[in-house]
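[1] Have a look at this prediction, sequence included:
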Amino acid sequence: MKKITLYAAMIAVAMLVSMKASAQGQKSIGAGIDIMLPVGSFADAWGTGFGGTAEFDYSLTPKTSVTGKIGYLTWSGKNLPSGVTATYSGVPVLAGIKFYPRFTQQGSPVRIYGHLELGLMVGSVSGSGHYTTVETSKTNFTIVPSLGCEIPAGPNGDIDVSIRYFDISRKSSIGFRAGYKWLI
């Protein structure tokens, strides 16, 4: 798992560096805290997830920007027998596009957006019990549609809050993210 995480991080850094090198519009970087509430059959086995993500935004136009995101998310197993623990965790590596509807540009400093991200979740499930420890890794396709808003917080940054549907190959969660983005 550590090798896979390292490779995912190296790919994400290379992606962000190449995006920055060719950038002509406004750029920003940000970091946020994520809370993930499992839904559907994923909620039967896993509890609330937590983690953090870092994001790079590059504005193509005043209404659209492309994004790159990497982070770390983890969920704990629930309804397990006494003495047994399980964790599902991973590194999402996502690329996306944000769209700011026209009405958010007219006189209001708060900008509402829709965001669609696609990518991979480099994840692992680990468990331990009375006499054994098991770990398995898998990379899954991930799609993340979200709605959010950016609220000005000083001359060089915004508070960024969003709600999203995080689907990792049928392992789904409703996510809440709160973060800060700096203009660079």
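    Cool, the structure landed.

[2] Distance check, residue 113 against residue 128.
    41 Å (CB to CB, to the nearest Å). Glycine gets a C-beta too; all of them are placed from N, C-alpha and C.

[3] Looking at those two, which one has more neighbours?
    residue 113 (20 against 14; other CB atoms under 10 Å).

[4] show me the residues around that one that make contact.
    98, 99, 100, 101, 104, 147, 148, 149, 150 (CB atoms under 8 Å, 6 or more residues apart in numbering).

[5] Pull up the pairing partners for the helix or strand hosting it, direction included.
    In this assignment (DSSP states H and E), residue 113 forms part of strand 111-128. Partner strands and pairing direction for strand 111-128 (DSSP bridges) are strand 85-99 (antiparallel), strand 133-152 (antiparallel).

[6] Tell me the first helix or strand C-terminal of the longest one.
    Next in sequence after strand 133-152, counting helices and strands by DSSP H and E, comes strand 157-168.

[7] partners of that following strand in the sheet?
    By DSSP bridges, strand 157-168 pairs with strand 133-152 (antiparallel), strand 171-183 (antiparallel).

[8] okay, these, which one's buried deepest?
    strand 171-183 (a mean of 18; mean count of other CB atoms under 10 Å).

[9] want to throw the strands paired with strand 157-168 into JSON lines with distance to residue 84 and mean pLDDT?
    Output for the strands paired with strand 157-168, formatted as JSON lines (distance: least, CB to CB, whole Å; pLDDT from 0 to 100):
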{"stretch": "strand 133-152", "distance to residue 84": "11", "mean pLDDT": "94"}
{"stretch": "strand 171-183", "distance to residue 84": "20", "mean pLDDT": "95"}
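
[10] and of those, who's closest to residue 164?
    Closest to residue 164 of the strands paired with strand 157-168, according to CB to CB: strand 133-152, at 3.2 Å.
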